[in-house]
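Peer 1: I'll drop the sequence and a predicted model, then ask my questions.
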Amino acid sequence: MKPPPLDYSRPESLTDALRTLADLGPDGKVLAGGQSLVPLLSMRLAEPMHLVDINRLADLAYVTRADGQVLVGALARHAEVLASSLVPAAQPLLAKALRFVAHPAIRNRGTTVGSIVHADPAAEMPAVLALLGGTVRVLTAGGERLVGARDFFLGVLESDVQPGELVTEVRFPVLPAGAGTGFAEVSRRRGDYAVCGVAALIALNDRQEIEQARAAYLSVGPCPRVLDLTEALAGAPADSDRLPAAAAMARELIHPEGDIHATAEYRRHLAGVLTERALLEALAEARDRGSADFGRQPAGNAP
Amino acid sequence: MNEAEQVHEVRLTVNGAARTASVPARRLLSDCIRHDLHLTGTHVGCEHGVCGACTVLLNGAPVRSCLLLAVSVDGADITTVEGLAGPDGRLSPVQQAFAECHGLQCGFCTPGFLTTITAGLQAAPEPTDEQAREMVGGNLCRCTGYQNIVAAVHRAAELRREHEGAAAVPRRPGPGDVR
């Protein structure tokens, strides 16, 4: 359980890091928090390589808000994103999902961007990015490209990052007024990877009816799966009892696989139950955020 | 790959003392602490981040030392279980609470619990039962069944308050005081 011999560089600037990665090409591997990479090395599941340690790039340890997006830099630890004062108002789903990411000791070192690049289908943050339709900023020594969440996740532990590239930032759209989010998952023990997990988003119109509903699923396929559940809920009032219909729709649409952790059938069952729970949470938040934005109804003027 | 492994100089502040080690890039922080710095209080259980026995404080925050490369934390401040007791050997509140509440049996997992709870009580000085359980949720113990460990978290919080109270609030003069 020891890593194989490794070559190692620790660039002091982003420019140095990009140059080093360009020089190394396919031999280069970025080390940020290392909470997935180091055990893979220890278990010899990853080939000997040249690590490019970006932990000195302190400029990338940011969580900010700009142009309707929450921007998370490549060196922002999960714990820092979770503790960020702007997250609860700007995109509460980040905090809800981060509480399910492993344990505090892992979140103190692991990075949110690293988790997304690692693209574990059982991880929370890729599903959150997929649900919200976020963007990944990828840099090379020569330029930049922006990749939408839909195109970023290619397969199990496979994301669209090419040799010589460094993901410096992930952007999560800010939650609009009248919209709400929910997150629910089941794991064998607290902090384990999810047997099944669901992130949900509901948007209400100004008549407080459901206008849009979607959910993203972790641990049910090689990549985060986003389902549009609007058909089951459109036009329903905000205190709807129609959520079970959306759960039934989700059960029909997903095709989970069985493994040593759960049978396909059990995952499908969980997906339905968790869809309903996550939607319920999202609906409550949408109602709250709607009323906060439109102001309180004057007393005696209730509809 | 080079024939002879390249060695890197790592400077750490460990339990308040400046230390250096020459390590290959692949040296885990847990192994650096145990083999290079000869501090064997940090225990190595699963070596893939599941059991929590190797937890140390990195710049005050609990981390798994088996999931870090020593070279990557060059310059950091590390606290291991050896750094928790006072300079006179007096047990820290968390250590005292574990002794009082029978929070350990074989003791293998204990260093990880002690470091984790030490940092946890700084963040939540008066934890609810839920917070106490969440605090130790990432550490495995195969002996105790956790009940006494959770009790020790609460007792440690009490002891901390007593220590701080004794240190921060000047004692009022009482009738028996000689002036």
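Peer 2: On my side now, so go ahead. Numbers count the residues shown, from 1 in each chain, chains lettered A, B, ... in the order given.

Peer 1: please count neighbours and contacts with C-alpha atoms only from this point.
Peer 2: Noted.

Peer 1: residues in chain B within reach of chain A, list them.
Peer 2: Within reach of chain A by C-alpha under 8 Å from any C-alpha of the partner chain, chain B has these residues: B:1, B:5-6, B:24-28, B:47-49, B:55, B:61-64, B:67-69, B:72, B:116, B:135, B:137-138.

Peer 1: pull out the buried members of those residues.
Peer 2: B:6, B:24-28, B:47-49, B:55, B:61-64, B:67-69, B:72, B:116, B:135, B:137-138 (16 or more other C-alpha atoms under 10 Å in any protein chain shown).

Peer 1: one step back: now, the residues of chain B next to chain A that are in strands?
Peer 2: B:Pro24, B:Thr55, B:Ala61, B:Pro62, B:Val63, B:Arg64 (DSSP state E).

Peer 1: residues contacting the residue nearest to the spatial centre of chain B?
Peer 2: Centroid check for chain B by C-alpha atoms, centre = their mean gives B:Thr115 as the closest residue, at 1.8 Å. For B:Thr115, the contact set (C-alpha atoms under 8 Å, 6 or more residues apart in numbering or on different chains) comprises B:Thr55, B:Val56, B:Leu57, B:Pro62, B:Thr79, B:Thr80, B:Val81, B:Leu84.

Peer 1: now the nearest residue to the third one once chain neighbours are set aside: how far from A:Leu131?
Peer 2: So that's B:Leu57. In space, and not counting its chain neighbours, B:Leu57 is closest to B:Thr79: 4.9 Å by C-alpha to C-alpha, 6 or more residues apart in numbering or on different chains. Applying C-alpha to C-alpha, to the nearest Å, the value for B:Thr79 to A:Leu131 is 40 Å.

Peer 1: for chain A, which spans come out with low pLDDT?
Peer 2: By pLDDT under 70, the low-scoring segments of chain A are A:291-303.

Peer 1: try 80 this time
Peer 2: Applying pLDDT under 80 to chain A flags residues A:48, A:240, A:291-303.

Peer 1: element containing whatever residue of it ends up closest to chain B, please.
Peer 2: Residue nearest to chain B within chain A: A:Ala105 (4.5 Å; C-alpha to the nearest C-alpha). Here A:Ala105 is covered by helix A:104-107, with elements defined by DSSP states H and E.

Peer 1: buried set for the helix or strand harbouring A:Pro88?
Peer 2: A:Pro88 belongs to helix A:87-90 when assigned by DSSP H and E. When neighbours are counted by 16+ other C-alpha under 10 Å, the buried residues of helix A:87-90 are found to be A:Val87, A:Ala90.

Peer 1: how about the helix or strand following it as PDB, C-alpha atoms only?
Peer 2: Remark: after helix A:87-90, the chain's next helix or strand is helix A:92-98, criterion DSSP H and E. Presented in PDB, the C-alpha positions along helix A:92-98 are these (Å, rounded to 0.1, in the frame of the first residue of the first chain):
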ATOM      1  CA  PRO A  92     -27.400  26.500  -1.800                       C
ATOM      2  CA  LEU A  93     -27.100  23.100  -3.500                       C
ATOM      3  CA  LEU A  94     -23.300  23.300  -3.300                       C
ATOM      4  CA  ALA A  95     -23.500  23.300   0.500                       C
ATOM      5  CA  LYS A  96     -26.300  20.600   0.600                       C
ATOM      6  CA  ALA A  97     -24.200  18.200  -1.500                       C
ATOM      7  CA  LEU A  98     -20.900  19.000   0.000                       C
END
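
Peer 1: and the contacts of helix A:92-98?
Peer 2: Here helix A:92-98 makes contact (C-alpha under 8 Å, 6+ apart) with A:78, A:81-82, A:87-88, A:124-125, A:128, A:175, A:181-183, A:199.

Peer 1: rerun that using 6 Å as the cut-off
Peer 2: Residues outside helix A:92-98 that contact it (C-alpha atoms under 6 Å, 6 or more residues apart in numbering or on different chains): A:Leu82, A:Thr181.

Peer 1: what about that helix, distance to the chain center?
Peer 2: Offset of helix A:92-98 from its chain centre (C-alpha atoms, centre = their mean, to the nearest Å): 9 Å.

Peer 1: now do the buried residues in that helix.
Peer 2: Residues A:Pro92, A:Leu93, A:Leu94, A:Ala95, A:Lys96, A:Ala97, A:Leu98 are the ones in helix A:92-98 that count as buried (16+ other C-alpha under 10 Å).

Peer 1: same question for stretch B:74-87.
Peer 2: B:Asp74, B:Ala76, B:Asp77, B:Ile78, B:Thr79, B:Thr80, B:Val81, B:Glu82, B:Gly83, B:Leu84.

Peer 1: go on, stretch B:154-170?
Peer 2: So, applying 16+ other C-alpha under 10 Å, buried residues of stretch B:154-170: B:His154, B:Arg155, B:Ala156, B:Ala157, B:Glu158, B:Leu159, B:Arg160, B:Arg161.

Peer 1: so which of those residues are in helices?
Peer 2: Cross-referencing the buried residues of stretch B:154-170 against helices under DSSP state H gives B:His154, B:Arg155, B:Ala156, B:Ala157, B:Glu158, B:Leu159, B:Arg160, B:Arg161.

Peer 1: so which residue is dead centre in chain A?
Peer 2: Central residue of chain A (C-alpha atoms, centre = their mean): A:Met125, at 2.1 Å.

Peer 1: tell me the contacts of that residue?
Peer 2: Taking C-alpha under 6 Å, 6+ apart, we find A:Met125 in contact with A:Ile116.

Peer 1: element containing it, please.
Peer 2: Here A:Met125 is covered by helix A:124-132, with elements defined by DSSP H and E.

Peer 1: after that helix, next one along is what?
Peer 2: strand A:135-139.

Peer 1: between the helix or strand just after that following strand and helix A:124-132, what angle do the directions make?
Peer 2: Going down the chain from strand A:135-139, the next helix or strand is strand A:144-148, by DSSP H and E. Here the directions of strand A:144-148 and helix A:124-132 differ by 80 degrees (axes from the mean of the first three to the mean of the last three C-alpha atoms, to 10 degrees).

Peer 1: put the alpha carbons of strand A:144-148 into CSV.
Peer 2: Output of strand A:144-148 as CSV, limited to C-alpha atoms (Å, rounded to 0.1, in the frame of the first residue of the first chain):
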residue,chain,number,x,y,z
GLU,A,144,-8.4,28.4,-22.7
ARG,A,145,-11.5,26.5,-23.4
LEU,A,146,-14.8,26.3,-21.6
VAL,A,147,-16.6,23.0,-21.5
GLY,A,148,-20.2,22.6,-20.5
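
Peer 1: what distance separates that strand from the middle of the whole chain?
Peer 2: Relative to the chain's own centre, strand A:144-148 is displaced by 17 Å; criterion: C-alpha atoms, centre = their mean.

Peer 1: how about stretch A:118-132?
Peer 2: 4 Å.

Peer 1: could you list every residue that touches residue 67?
Peer 2: Defaulting to chain A. Counting by C-alpha under 6 Å, 6+ apart, A:Asp67 has no contacts.

Peer 1: let's do chain B instead
Peer 2: With contact set as C-alpha under 6 Å, 6+ apart, B:Leu67 has these partners: A:Gln35, A:Val38.

Peer 1: swap the cut-off to 8 Å and go again
Peer 2: A:Gly34, A:Gln35, A:Val38, A:Pro39, B:Leu28, B:Leu29, B:Glu47, B:His48, B:Gly49.

Peer 1: how near is the residue lying closest to A:Met1 once chain neighbours are set aside to B:Val71?
Peer 2: With C-alpha to C-alpha, 6+ apart as the criterion, A:Met1 has its nearest non-adjacent residue at 4.8 Å, and that residue is A:Ser42. For A:Ser42, the distance to B:Val71 (C-alpha to C-alpha) stands at 15 Å.

Peer 1: with that, I have no additional questions.
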